[in-house]
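> Quick one, what's the 3D model for this:
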Amino acid sequence: MKGSMRRDVTLSRLGLAMRAGKVISGEDAVVGAVRSGKARLVIVSEDISENTYKKIREKCAFYGVQLLQGYSRWELGHSIGKPERVAVAVTDDNFANLIRKGFAEIGGGGTD
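Numbers count the residues shown, from 1 in each chain. Now for the predicted structure:
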């Protein structure tokens with residue numbers, strides 16, 4: 001499978017998780033999900049600001065939530081049927097594992 005097809009599959013999995021009600025999006029909501037223990041995986045866009053990235057990275061590190069970085073803010077938002085998003089949290093272990101697998105297949109930029 002070509003890299004772009006894998007990329008599409010991973011974004012499709014994120015969309016499926018959203019339709020199942022297992023995705024939280026937006027910077028403040030994602031930080032809240034990490035703090036509350038709901039987040040199983042956090043994905044931030046490649047074009048996130050340094051300050052926002054640092055804030056989310058530190059929260060994920062403190063609470064032990066895996067953080068991955070990849071895709072543009074447009075791709076993340078579009079995949080979940082929303083406007084541009086710089087951060088999304090997956091709240092279900094099974095969906096989180098599927099998305100992690102997709103990142104590994106495309107050589108996604110995991111941060112931890």
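> Now stretch 86-94: buried residues?
Residues of stretch 86-94 classed as buried: 86-92 (neighbour count, 16 or more other Cβ atoms under 10 Å). C-betas here are computed from N, CA, C, even on glycine.
> how about the residues you listed in TSV, adding secondary structure?
Formatted as TSV, the buried residues of stretch 86-94 follow (DSSP: H, G, I helix; E, B strand; the rest coil):
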residue	secondary structure
86	coil
87	strand
88	strand
89	strand
90	strand
91	coil
92	coil
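> just those now: which is nearest residue 17?
residue 90 (5.6 Å; Cβ to Cβ).
> thought the closest one was touching residue 96?
Yes. Assessed by Cβ atoms under 8 Å, residue 90 is found in contact with residue 96 at 4.5 Å.
> shared neighbours of the two, anything?
Jointly contacting residue 90 and residue 96 under the rule Cβ atoms under 8 Å, 6 or more residues apart in numbering are 40-41.
> average pLDDT across stretch 88-106?
Averaging pLDDT along stretch 88-106 gives 89.
> Quick one: distance of it to the chain centre.
8 Å (Cα atoms, centre = their mean, to the nearest Å).
> With stretch 10-27 instead?
Worked out by Cα atoms, centre = their mean, stretch 10-27 lies 8 Å from the chain centre.
> what's the answer for stretch 9-17, then?
The answer for stretch 9-17 is 10 Å, by Cα atoms, centre = their mean.
> and that stretch, which residues are buried?
Under the neighbour-count criterion of 16+ other Cβ under 10 Å, stretch 9-17 has 9-11, 13-14, 16-17 buried.
> Put the alpha carbons of that stretch into CSV.
Output of stretch 9-17 as CSV, limited to C-alpha atoms (Å, rounded to 0.1, in the frame of the first residue of the first chain):
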residue,chain,number,x,y,z
VAL,A,9,-6.8,5.0,6.0
THR,A,10,-5.4,6.5,9.2
LEU,A,11,-7.4,9.6,8.8
SER,A,12,-10.5,7.5,8.0
ARG,A,13,-10.0,5.6,11.2
LEU,A,14,-9.9,8.9,13.1
GLY,A,15,-13.2,9.9,11.3
LEU,A,16,-14.8,6.6,12.3
ALA,A,17,-13.7,7.2,15.9
